[in-house]
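Asker: sequence below, structure please.
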Amino acid sequence: FPNDAPDRETLLSHADAALYEAKMQGRGLYCVFEPSMGEHLRDRRQFEHDIRHAISRKELRLVYQPQAQLVSNEIFGFEALLRWDHPERGAVPPAVFIPIAEECGAILKIGEWVL
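Answerer: Okay, here's the model as predicted:
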(Lines give C-alpha, C1' and ligand atoms only; values in the text may rest on other atoms or scores of the structure.)
Protein backbone atom coordinates (compact mmCIF):
# COMPACT_ATOMS: atom_id res chain seq x y z
CA PHE A 1 0.00 0.00 0.00
CA PRO A 2 -0.41 2.44 -1.73
CA ASN A 3 1.26 0.77 -4.74
CA ASP A 4 -0.96 -2.32 -4.64
CA ALA A 5 -4.36 -0.72 -4.01
CA PRO A 6 -5.82 2.77 -3.61
CA ASP A 7 -7.66 2.05 -0.34
CA ARG A 8 -7.96 -0.33 2.59
CA GLU A 9 -10.96 -2.27 1.25
CA THR A 10 -9.34 -2.93 -2.12
CA LEU A 11 -6.08 -3.96 -0.49
CA LEU A 12 -7.92 -6.45 1.75
CA SER A 13 -9.85 -7.77 -1.24
CA HIS A 14 -6.61 -8.31 -3.15
CA ALA A 15 -5.04 -10.03 -0.15
CA ASP A 16 -8.11 -12.28 0.13
CA ALA A 17 -7.85 -13.21 -3.55
CA ALA A 18 -4.15 -14.07 -3.19
CA LEU A 19 -4.86 -16.13 -0.06
CA TYR A 20 -7.62 -18.03 -1.86
CA GLU A 21 -5.28 -18.74 -4.80
CA ALA A 22 -2.55 -19.98 -2.44
CA LYS A 23 -5.03 -22.31 -0.72
CA MET A 24 -6.11 -23.70 -4.08
CA GLN A 25 -2.51 -24.50 -5.00
CA GLY A 26 -1.71 -26.38 -1.80
CA ARG A 27 -0.35 -26.03 1.71
CA GLY A 28 2.66 -23.97 2.68
CA LEU A 29 2.49 -21.69 -0.36
CA TYR A 30 1.94 -18.00 -0.84
CA CYS A 31 0.82 -15.96 -3.81
CA VAL A 32 1.28 -12.36 -4.83
CA PHE A 33 -1.92 -10.73 -6.06
CA GLU A 34 -2.50 -10.48 -9.78
CA PRO A 35 -5.56 -8.83 -11.33
CA SER A 36 -6.74 -12.15 -12.81
CA MET A 37 -7.07 -13.50 -9.25
CA GLY A 38 -9.65 -10.88 -8.39
CA GLU A 39 -11.67 -11.79 -11.46
CA HIS A 40 -11.48 -15.49 -10.60
CA LEU A 41 -12.59 -14.83 -7.02
CA ARG A 42 -15.52 -12.66 -8.14
CA ASP A 43 -16.58 -15.36 -10.59
CA ARG A 44 -16.34 -18.02 -7.87
CA ARG A 45 -18.42 -15.95 -5.43
CA GLN A 46 -21.05 -15.34 -8.13
CA PHE A 47 -21.10 -19.06 -8.91
CA GLU A 48 -21.63 -19.86 -5.20
CA HIS A 49 -24.44 -17.28 -5.03
CA ASP A 50 -26.07 -18.78 -8.11
CA ILE A 51 -25.91 -22.37 -6.82
CA ARG A 52 -27.47 -21.27 -3.51
CA HIS A 53 -30.44 -19.81 -5.41
CA ALA A 54 -30.76 -22.49 -8.11
CA ILE A 55 -33.60 -24.25 -6.27
CA SER A 56 -35.77 -21.18 -5.79
CA ARG A 57 -35.16 -20.20 -9.42
CA LYS A 58 -36.19 -23.70 -10.57
CA GLU A 59 -32.88 -24.26 -12.38
CA LEU A 60 -32.26 -27.76 -11.02
CA ARG A 61 -33.85 -30.87 -12.46
CA LEU A 62 -33.57 -34.61 -12.11
CA VAL A 63 -33.17 -37.06 -14.95
CA TYR A 64 -33.56 -40.79 -14.49
CA GLN A 65 -31.23 -43.29 -16.05
CA PRO A 66 -32.37 -46.91 -16.21
CA GLN A 67 -30.15 -49.61 -14.76
CA ALA A 68 -30.30 -52.88 -16.65
CA GLN A 69 -28.76 -56.34 -16.53
CA LEU A 70 -26.32 -56.67 -19.41
CA VAL A 71 -27.13 -60.30 -20.16
CA SER A 72 -30.95 -60.14 -20.03
CA ASN A 73 -31.37 -56.43 -20.73
CA GLU A 74 -33.90 -56.43 -17.87
CA ILE A 75 -34.33 -53.07 -16.14
CA PHE A 76 -33.96 -53.46 -12.38
CA GLY A 77 -33.93 -49.84 -11.24
CA PHE A 78 -33.25 -46.22 -12.05
CA GLU A 79 -30.53 -43.80 -11.05
CA ALA A 80 -31.50 -40.19 -10.33
CA LEU A 81 -29.05 -37.71 -11.85
CA LEU A 82 -28.98 -34.03 -10.89
CA ARG A 83 -28.69 -31.40 -13.63
CA TRP A 84 -28.30 -27.62 -13.36
CA ASP A 85 -29.48 -25.43 -16.23
CA HIS A 86 -27.92 -22.04 -15.47
CA PRO A 87 -29.61 -19.15 -17.31
CA GLU A 88 -26.29 -17.66 -18.48
CA ARG A 89 -23.76 -20.50 -18.27
CA GLY A 90 -26.04 -23.12 -19.79
CA ALA A 91 -25.83 -26.74 -18.65
CA VAL A 92 -23.31 -26.86 -15.80
CA PRO A 93 -21.78 -30.34 -15.40
CA PRO A 94 -22.25 -32.00 -11.99
CA ALA A 95 -18.48 -32.49 -11.78
CA VAL A 96 -18.22 -28.68 -11.71
CA PHE A 97 -21.10 -27.61 -9.47
CA ILE A 98 -21.27 -30.48 -6.92
CA PRO A 99 -17.79 -29.83 -5.40
CA ILE A 100 -18.51 -26.10 -5.16
CA ALA A 101 -21.92 -26.77 -3.59
CA GLU A 102 -20.18 -29.01 -1.04
CA GLU A 103 -17.54 -26.37 -0.25
CA CYS A 104 -20.02 -23.53 0.21
CA GLY A 105 -22.56 -25.58 2.17
CA ALA A 106 -25.33 -25.52 -0.43
CA ILE A 107 -25.21 -29.29 -0.93
CA LEU A 108 -27.46 -30.01 2.07
CA LYS A 109 -30.28 -27.86 0.72
CA ILE A 110 -29.82 -29.40 -2.72
CA GLY A 111 -29.92 -32.90 -1.21
CA GLU A 112 -33.17 -32.09 0.57
CA TRP A 113 -34.62 -30.83 -2.70
CA VAL A 114 -33.58 -34.04 -4.48
CA LEU A 115 -35.22 -36.20 -1.81
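
Asker: the residue of the chain positioned farthest from its centre: what's it in contact with?
Answerer: For the chain, the residue at maximal distance from the C-alpha centroid (Cα atoms, centre = their mean) is Ser72, at 39.5 Å. Contacts for Ser72 (Cβ atoms under 8 Å, 6 or more residues apart in numbering) come out as none. No exception for glycine: its C-beta is placed from N, CA and C like everyone else's.

Asker: could you give the bridge partners of Trp84?
Answerer: According to DSSP bridges, the partner residues bridging Trp84 are Leu60, Val92.

Asker: against Ala5, how distant is it?
Answerer: 35 Å (Cβ to Cβ, to the nearest Å).

Asker: who's more crowded, those two?
Answerer: The neighbour comparison of Trp84 against Ala5 (other Cβ atoms under 10 Å) goes to Trp84, with 21 against 15.

Asker: what about the chain, any weak spots by pLDDT?
Answerer: For the chain, applying pLDDT under 70 flags the ranges 1.

Asker: helices of that one, start to end?
Answerer: In the chain, the helices defined using DSSP state H lie at 8-25, 35-53, 94-104, 107-114.

Asker: domain map for the protein?
Answerer: Using the TED database, the domain parsing of the chain gives 1-33, 40-114.

Asker: before we move on, back to that, among the helices of the chain, which comes closest to Val63?
Answerer: helix 94-104 (10.9 Å; Cβ to Cβ).

Asker: next up, phi/psi of the nearest residue to Leu19 once chain neighbours are set aside, please.
Answerer: Excluding the flanking residues, the one nearest Leu19 by Cβ to Cβ, 6 or more residues apart in numbering is Cys31, at 7.6 Å. Main-chain dihedrals, Cys31, degrees, to the nearest 10: phi -130, psi 150.

Asker: okay, now the closest residue to Ile110 other than its chain neighbours: neighbour count?
Answerer: Nearest non-adjacent residue to Ile110, counting by Cβ to Cβ, 6+ apart: Ala101, 5.8 Å away. The local packing of Ala101 (other Cβ under 10 Å) involves 23 other residues.

Asker: ditto for Ala95
Answerer: Using other Cβ under 10 Å, Ala95 has 7 neighbouring residues.

Asker: now do Ser13
Answerer: So Ser13, with other Cβ under 10 Å, has 16 neighbours.
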